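Peer 1: Coordinates for the following, if possible.
(2 chains)
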There are 2 protein chains.
Amino acid sequence: MIAKSQKHWSGDVAEMLRVREGFVLADVDAQATPGYEEDKVQAAEDLAAGSMQLDEYQERLFARSRVDATDAAVLLVLQAMDSAGKGGIVRHVVGSVDPQGVSITAFKKPTPEELEHDFLWRVAKRVPEPGIIGVFDRSHYEDVLIGRVRELAPHDEIERRYGAINTFEEQLAGSGTRVVKVMLHISSDEQKARLTERLDRPDKHWKYNPGDVDERQLWPQYMDAYQQVFERTSTDHAPWFVVPANRKWYARLAVQHLLLEALEEIDPQWPKADFDVEAEKKRLALT
Amino acid sequence: MIAKSQKHWSGDVAEMLRVREGFVLADVDAQATPGYEEDKVQAAEDLAAGSMQLDEYQERLFARSRVDATDAAVLLVLQAMDSAGKGGIVRHVVGSVDPQGVSITAFKKPTPEELEHDFLWRVAKRVPEPGIIGVFDRSHYEDVLIGRVRELAPHDEIERRYGAINTFEEQLAGSGTRVVKVMLHISSDEQKARLTERLDRPDKHWKYNPGDVDERQLWPQYMDAYQQVFERTSTDHAPWFVVPANRKWYARLAVQHLLLEALEEIDPQWPKADFDVEAEKKRLALT
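Peer 2: Numbers count the residues shown, from 1 in each chain, chains lettered A, B, ... in the order given. Okay, here's the model as predicted:
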């Protein structure tokens, strides 16, 4: 499907970024800007135009959920290595719509209570309600990423989780939630540059964690774990998109576009009044 | 306190809008723009400038909460008659900061489960965590507003609630949350015009509810209930501000300003690194 918003895209970005059979993460160039040949300046303009579209779609989606019996919602799942720009997506893409229609969950290391439950327990509680754009900043995929790399669970349990995730997401999609799963893909060099900047700037120190370097040293293992994730969990009902993210402006534009496409497929319309408009006009006039 | 952001204000807006002893709601002109003599165009510019300030303050507040042991947070309580512009405040004022640092709760009619508990039960669960700007779109004040007007609870219980609210808010303030309580004040005529517009525009029908006219017919009773609220619950630790709101641009600028003042009083600084910056630079360089 070609999105109406696709002004400067040279092709269908969702098609280009989508993980299909035979996908190899190692072949993705994190520096590339697939489907977009304009520059950063034009991208800023296009992002602003897309923000207005996203805002209207979101309001229609929200409005419909208040009146009609609809289950339509959107869930954006964001996964990435540290410093790849998840926060920037939330701020600059999701942040352009009315905050009343957005629900953001940043999943941290599980609490002791969460660990007593199945790994999907805390996730299921945070799926978006009808009319809402939900964002998972990290997600249940951590349980097969760091979970796998750090061996936080037995091998059999990790294996079980891929299937459990697929079942969970299929139910979610079946109940009306469009699931858009995005991995922001930066190169190891780019991460080094970004972490270095965090150390160089006192106003960025709070974003730095010494553990980031520990994880960084496991880069190849993480790439393997991501490759596994893509092979096992990129499904028709909940596909993965790998977005090259060395250029922040490209990643933001691409993710915005993926959200726009999801909303265009829902195509939310302003709901019809469930009351007698003319009668209400008369009642109001008398007050 | 004069806020640094106070460029075009002719006086301290917080002082001007604050409810003090002897305050009479009926004397407030909903059309007025206290302390601001510029026009709508200048107001839009000032709002944009204030957005950038608010955004930085919020990020500092958030950053500090991630590193230091701080309890600092802000809670904006929004109360108003229907169509007074609560949603616009959330969208245009609160919506200008990073959504990751904001928590918005729209309190609806209590559920059966909520009704089984004390009226503050559901409210206490939604107070903002450290580092967060929380917004209550309606609040525990409904329980002494519609609660009083519609006699949803016995008189003695309504009376008890004013004290319970003061105790609750005092604890909240004592634990580091700045509580900013705002009533957006529109005139009855302005409400009529806004509800009429909602009925005239199909894309606004979803915002209209026939119950709005029923509540509108109780306007004098609601004004009395608000007057009671101000007399009983405008305290040093959690003062009320009555913001004239017939002009949306004024109300947004004024509420933004109240938030900026609250943050200026907290004065959040970028947290110091809790790790050895030079050692980390070396570790990172070796990867």
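Peer 1: Please enumerate the strands of chain A.
Peer 2: Using DSSP state E, the strands of chain A run over A:73-80, A:102-106, A:133-137, A:177-185, A:240-244.
Peer 1: what about those, which gets the closest to residue B:91?
Peer 2: strand A:102-106 (11.1 Å; CB to CB). The way it works is simple: take the backbone N, C-alpha and C, and place the C-beta from them, glycine included.
Peer 1: Tell me which residue in the stretch 51-200 of chain A sits closest to chain B.
Peer 2: Closest residue of the stretch 51-200 of chain A to chain B, CB to the nearest CB: residue A:63 (4.1 Å).
Peer 1: pretty sure that residue contacts residue B:204?
Peer 2: No: here residue A:63 lies out of contact with residue B:204, judged by CB atoms under 8 Å, at a distance of 9.1 Å.
Peer 1: who's more crowded, these two?
Peer 2: More crowded of residue A:63 and residue B:204, by other CB atoms under 10 Å in any protein chain shown: residue A:63, with 21 against 16.
Peer 1: Spatially, what comes nearest to the more buried one if we skip its sequence neighbours?
Peer 2: Using CB to CB, 6 or more residues apart in numbering or on different chains and skipping residues adjacent in sequence, the residue nearest residue A:63 is residue B:206, 4.1 Å away.
Peer 1: any idea how far residue A:65 is from the one you found?
Peer 2: From residue B:206 across to residue A:65, the span is 9 Å (CB to CB, to the nearest Å).
Peer 1: Likewise for residue A:271?
Peer 2: Relative to residue A:65, residue A:271 is positioned 9 Å away (CB to CB).
Peer 1: ok, these two, which is more surrounded?
Peer 2: Neighbour totals were compared for residue A:271 and residue A:65, and residue A:65 leads with 22 against 18 (other CB under 10 Å).
Peer 1: Verify the stated contact: that one with residue A:133.
Peer 2: No: contact criterion CB under 8 Å: residue A:65 and residue A:133 do not qualify, at 11.2 Å.
Peer 1: Tell me how confident the model is about stretch A:115-123, as a mean pLDDT.
Peer 2: Average pLDDT, stretch A:115-123: 97.
Peer 1: How far off centre is that stretch?
Peer 2: Taking CA atoms, centre = their mean, to the nearest Å, the mean C-alpha location of stretch A:115-123 is offset from the chain mean by 20 Å.
Peer 1: Now do the contacts for residue A:91.
Peer 2: Neighbour list for residue A:91: B:98-100 [criterion: CB atoms under 8 Å, 6 or more residues apart in numbering or on different chains].
Peer 1: Name the residues linked to residue A:182 by a beta bridge.
Peer 2: Beta bridges link residue A:182 to residue A:78, residue A:241, judged by DSSP bridges.
Peer 1: Distance of it relative to residue A:239?
Peer 2: For residue A:182, the distance to residue A:239 equals 10 Å [CB to CB].
Peer 1: got the residues of the stretch 101-250 of chain A near chain B?
Peer 2: A:102, A:104, A:106, A:137, A:192, A:195-196, A:199, A:202-203, A:205-210, A:213, A:216-217 (CB under 8 Å from any CB of the partner chain).
Peer 1: go with 6 Å
Peer 2: Within reach of chain B by CB under 6 Å from any CB of the partner chain, the stretch 101-250 of chain A has these residues: A:102, A:104, A:195, A:199, A:203, A:205-206, A:210, A:213, A:216.
Peer 1: just to revisit the earlier point, ok, residue A:182 and residue A:239, which is more surrounded?
Peer 2: Neighbours were counted for residue A:182 and for residue A:239 using other CB under 10 Å; residue A:182 has more, 23 against 18.
Peer 1: Which parts of stretch A:236-248 count as buried, going by neighbours?
Peer 2: The neighbour-count check on stretch A:236-248 (16 or more other CB atoms under 10 Å in any protein chain shown) flags A:238-248 as buried.
Peer 1: For chain B, state which of the residues you listed is nearest.
Peer 2: Among the buried residues of stretch A:236-248, and counting by CB to the nearest CB, the member closest to chain B is residue A:248, at 15.2 Å.
Peer 1: my guess is the closest one contacts residue A:85, does it?
Peer 2: Yes: the pair residue A:248 and residue A:85 passes the contact test of CB atoms under 6 Å, sitting 5.4 Å apart.
Peer 1: Output the below-cut-off pLDDT ranges for chain A.
Peer 2: For chain A, the stretches flagged by pLDDT under 70 are A:1-6.
Peer 1: what's the longest helix in it?
Peer 2: If you go by DSSP state H, chain A has its longest helix at helix A:40-67.
Peer 1: what packs against that one?
Peer 2: When contacts are defined as 3 or more CB pairs under 6 Å, 6 or more residues apart in numbering or on different chains; DSSP states H and E, helix A:40-67 sits against helix A:248-266.
Peer 1: so the helix it packs on versus strand A:177-185, what angle?
Peer 2: Orientation check (axes from the mean of the first three to the mean of the last three CA atoms, to 10 degrees): helix A:248-266 against strand A:177-185 gives 160 degrees.
Peer 1: can you pull the buried residues of helix A:248-266?
Peer 2: A:248-264, A:266.
Peer 1: next one: stretch A:46-64
Peer 2: A:46-47, A:50-51, A:53-55, A:57-64.
Peer 1: And for stretch A:196-215?
Peer 2: Across stretch A:196-215, burial judged by 16+ other CB under 10 Å covers A:198-199, A:204-209, A:212-213, A:215.
Peer 1: follow-up on the earlier one: for the strands of chain A, give me CSV that also has distance to residue A:20.
Peer 2: Below are the strands of chain A laid out as CSV (distance: least, CB to CB, whole Å):
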stretch, distance to residue A:20
strand A:73-80, 18
strand A:102-106, 28
strand A:133-137, 23
strand A:177-185, 14
strand A:240-244, 9
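Peer 1: So for residue B:111, which of those strands sits nearest?
Peer 2: Closest to residue B:111 of the strands of chain A, according to CB to CB: strand A:102-106, at 18.5 Å.
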